[in-house]
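1. Structure for the following, please:
(one chain, ligands or ions: 2)
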Amino acid sequence: MKKKILITPKSFFRARNKADEIFSQFDLDIVENNTGKTLTKQQMIELCSDVDGVIVGLDPMDEEVIRSAKNLKAISKYGVGLDNIDLKVAEELGIKVKKAEGTNTRSVAELTIGLFFALSRSIPKAVIDVKDGRWDRTIGTEIGAKVVGIIGFGAIGREVAKMSSGLEMEIMAYDPYFNDIELTRAMNVKMTNIDEILEKADFVTLHLPLNEETNKIINSKTLSKMKQTAYLVNTARGELVDEDALYEALKNGIIAGAAQDVFSQEPPDKQNKLLSLNNFILTPHIGAYTKEATERMVVISAKNLIEMLF
Ligand SMILES: NC(=O)c1ccc[n+]([C@@H]2O[C@H](COP(=O)([O-])OP(=O)(O)OC[C@H]3O[C@@H](n4cnc5c(N)ncnc54)[C@H](O)[C@@H]3O)[C@@H](O)[C@H]2O)c1
Ligand SMILES: O=C(O)CC[C@@H](O)C(=O)O
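-> Ligands and ions are numbered 1, 2, ... in the order given. Down below sits the predicted model:
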């Protein structure tokens, strides 16, 4: 029987041909998000009203959207962060949910390491300076032998650890749900508590999911435990960091700098105070935006949806 599906993520369509090979074997009526943007809740309610399945990016799939989608049987996440999907309601209604596990691990880890360098050598400022006619040779710091503190030791956290090891950094990690001691020993990673990470790390990097437990895990109290010379890097989710507290910490020299790929509101408001700070740098949620990762996300999210629907 024919199934109607909705595909929302903009970058899905760049590698659309990879999914067509999979879709062509099934009887599908495909609706596409042609706005080129993340959809609003109202748009999701309208577009999901009669679909059997959805491949969803960062668009809201909250309780109201899910309950209003009367035919919905499957949600395939284009990516790995499930925070935009109300998993409890999906479970209650028997709607299957699957993420494209591991598809963007390498890309997010590479961006994270890139942000370490961007911060430690003030690369964004250097580019702007020279283009604006200033020859200001800022003294940076080396990354080798510095301590990286990884909060969330899942797929991306472990990949960052591997890359940090290649840079000869000392590696610490905090993850209350990770207990493969053999692996951490083999990787030369010290598993510890969050306080030791905050107190000792030169780079604190976030790789944990957003949920009730982790919302604003970085706040004025946790920031105050970090070294004045330390950098915070967030390529996970904006809401993990209290942005007002981060602004105060950066402005008052509580920490040296921060980089974010993600924001609690995307795109951030032009008035967002963080954007006015020289020691704050950012990228527009491009962690998974590489040719390789998007192709993997397209293939796996398409396969996952088909598996759940047929
Ligand atoms: N910037 C991007 O484009 C981008 C791309 C992919 C993923 N992400 C974000 O990165 C997150 C991590 O992705 P992943 O593939 O590594 O996921 P993962 O599930 O493999 O790893 C997450 C890890 O966090 C740990 N964790 C859970 N609660 C924790 C807590 N309170 N404290 C410390 N650790 C905790 C889990 O035990 C798990 O090991 C995703 O949830 C997503 O939000 C962002
Ligand atoms: O949908 C995207 O563009 C990024 C998805 C990414 O944040 C993820 O959670 O894997």
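2. does ligand 2 sit close to the helix or strand where residue 110 lies?
-> Remark: residue 110 resides in helix 105-120, with elements defined by DSSP states H and E. No. Helix 105-120 stays clear of ligand 2 (C-beta under 6 Å from any ligand atom), getting no nearer than 7.6 Å. No exception for glycine: its C-beta is placed from N, CA and C like everyone else's.
3. Next, the angle from the helix or strand that comes right after that helix to helix 105-120.
-> Downstream of helix 105-120, the next assigned helix or strand under DSSP H and E is helix 123-131. For helix 123-131 against helix 105-120, the angle by axes from the mean of the first three to the mean of the last three C-alpha atoms, to 10 degrees is 60 degrees.
4. Now do the buried residues in helix 123-131.
-> Neighbour counts over helix 123-131 (16 or more other C-beta atoms under 10 Å) mark 123, 124, 125, 126 as buried.
5. Just the residues contacting the helix or strand following it, thanks.
-> Per DSSP H and E, the first helix or strand lying C-terminal to helix 123-131 is strand 147-151. For strand 147-151, contacts defined as C-beta atoms under 8 Å, 6 or more residues apart in numbering pick out 116, 157, 160-161, 164, 169-175, 189, 194, 197-198, 200-208, 217.
6. before we move on, the earlier item: of the buried residues of helix 123-131, closest to ligand 2?
-> residue 124 (21.7 Å; C-beta to the nearest ligand atom).
7. Show me the contacts of strand 147-151 that map onto strands.
-> The strands, defined by DSSP state E, take in 170, 171, 172, 173, 174, 189, 203, 204, 205, 206 from these.
8. show me what contacts residue 254?
-> Counted by C-beta under 8 Å, 6+ apart, residue 254 has contacts 223, 224, 226, 228, 248.
9. Which helix or which strand is home to it?
-> Applying DSSP H and E, one finds residue 254 in no helix or strand.
10. partners of the helix or strand that contains residue 233, with directions?
-> Here residue 233 sits within strand 231-234, counting by DSSP H and E. Take DSSP bridges as the rule and strand 231-234 pairs in its sheet with strand 203-206 (parallel), strand 257-260 (parallel).
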